[in-house]
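S.K.: Give me the fold of what follows.
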Amino acid sequence: MTGRVGDPDNPRMAEVAPGSEEMVLAFLAEAADDFVSGEAISGKLGLSRAAVWKHVNALRGQGYRIEAVPARGYRLVAIPDRLGALEIGPLLNTHDLGQVLHCSAEIPSTNDRARELADAGAAHGEVVVAECQTAGRGRRGRSWSSPAGQNLYLSVILRPSLPPQRAPELTLVASVAACEACRKAGVEAGIKWPNDVLVGGLKVAGILTELSAEPDVVHWVVLGIGVNLNSGSGDFPADLRGVATSLSIERGQPVPRALFAAALLSELEQWLDLHADQGFGPIRAAWRERSVTLGREVRADGEGGEITGVAEDIDETGALLVRARGGLVRVVAGDVRLVGRVDPEGA
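M.R.: Next comes the predicted model:
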């Protein structure tokens, strides 16, 4: 953002460096509940005190609640419940993910937009975020309920140094990250193979992974993540009521969406870094610890048709190992349903 700000102390100081407003907000966000003096902000960002004051007022005009106390400075009290770059960016502590944000009020699908950007040369870590999707997609072509202003719908563009046969590991990386972000938000979440995040047996998040690859190289991977944050029980479509939930329902209070988005991207980057450094082993162990599938009776789509058995483990590729009547069956893809309950899709 580039702007011109008049300075009553020095009328000739008109140019303000690009991104000054965002940097003022980031400075206040970093201080959390503490006050930051105008002098400190001015010195850190190279702005006049009057320019800082004008940026603060501009932020207030956009819905930010910023308290100002003489001799103490400014304090960020509340941010608007929006998923824009100005809301998410200052909260990020990532080195790659989200450093470029593509934010929209409404688009058909964040994954579709991310794929377009990836094909056009978008960098590793660019993120697409939408307030609403009109054609959100889940696994196996199912629709994903995406009401406006309630939840989180984002897609992350990755350019991993992996052979194509290992790309499915990234789906499990994302499921661990999403599960951990939900746990840190205050709910006891678990993972249903391969990548649905459940709370109390109800679906709270899902992941859709798409990629472009040749036999020996991955061009890009898009991780689409949808998390039900603030939907009420009556906000879900009729076919999802009783099978889907949201973090706000489970923890009894609203979830700050921009804060959760930043936390999720941070978790995802940490797990991606671990995967890049140490391989799939630590991810496999973390997935097992968070699984609500292992040890349960399941129905799965196997190569020879539907099978029923006990989910025993995931192997070194992430495939589910099911002990069926005829022996151990390796499930690579398809639906896995926990016996004794209805599994939601599009939640």
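
S.K.: pLDDT on the helix or strand encompassing A258, on average?
M.R.: Assigned by DSSP states H and E, A258 belongs to helix 257-278. In this model, helix 257-278 has a mean pLDDT of 97.

S.K.: After that helix, which helix or strand is next?
M.R.: Sequence order places helix 281-290 as the next helix or strand after helix 257-278, per DSSP H and E.

S.K.: Mind checking what helix or strand follows that next one in sequence?
M.R.: Heading C-terminal from helix 281-290 (DSSP H and E), you reach strand 297-302.

S.K.: so for that next one, what's the average pLDDT?
M.R.: Mean pLDDT, computed over strand 297-302, is 85.

S.K.: Any buried residues in it, and which?
M.R.: Applying a neighbour-count criterion of 16 or more other Cβ atoms under 10 Å, one finds V298, R299, A300, D301, G302 buried in strand 297-302. Quick note: C-beta positions are derived from backbone N, CA and C, even for glycine.

S.K.: for stretch 28-42, same thing?
M.R.: Residues L28, A29, A31, F35, V36, G38, I41, S42 are the ones in stretch 28-42 that count as buried (16+ other Cβ under 10 Å).

S.K.: Need the max-distance pair from those.
M.R.: Across those, the longest distance by Cβ to Cβ is 17.4 Å; it joins A29 and S42.

S.K.: follow-up on the earlier one: so of the buried residues of stretch 28-42, which ones are in helices?
M.R.: Secondary structure from DSSP state H places L28, A29, G38, I41, S42 of these in helices.

S.K.: residue boundaries of the helices in the chain?
M.R.: Taking DSSP H as the test, the helices found in the chain are 20-30, 38-45, 49-61, 85-88, 110-119, 169-184, 247-251, 257-278, 281-290.

S.K.: so can I have TSV of the ones you listed showing distance to A135?
M.R.: Listed next are these as TSV, based on distance: least, Cβ to Cβ, whole Å:
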stretch	distance to A135
helix 20-30	31
helix 38-45	41
helix 49-61	34
helix 85-88	23
helix 110-119	8
helix 169-184	21
helix 247-251	24
helix 257-278	21
helix 281-290	30
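
S.K.: Would you single out the least confident of those helices?
M.R.: Taking the mean pLDDT of those, helix 20-30 comes last: a mean of 84.

S.K.: just checking, what packs against it?
M.R.: Applying 3 or more Cβ pairs under 8 Å, 6 or more residues apart in numbering; DSSP states H and E, we find helix 20-30 packed against helix 38-45, helix 49-61, strand 73-78, helix 85-88.

S.K.: tell me the most buried of the ones you listed?
M.R.: Ranked by mean neighbour count, those are led by helix 85-88 with a mean of 22 (mean count of other Cβ atoms under 10 Å).

S.K.: can you tell me the distance between the two ends of stretch 37-57?
M.R.: With Cα to Cα, to the nearest Å as the measure, stretch 37-57 spans 15 Å from end to end.
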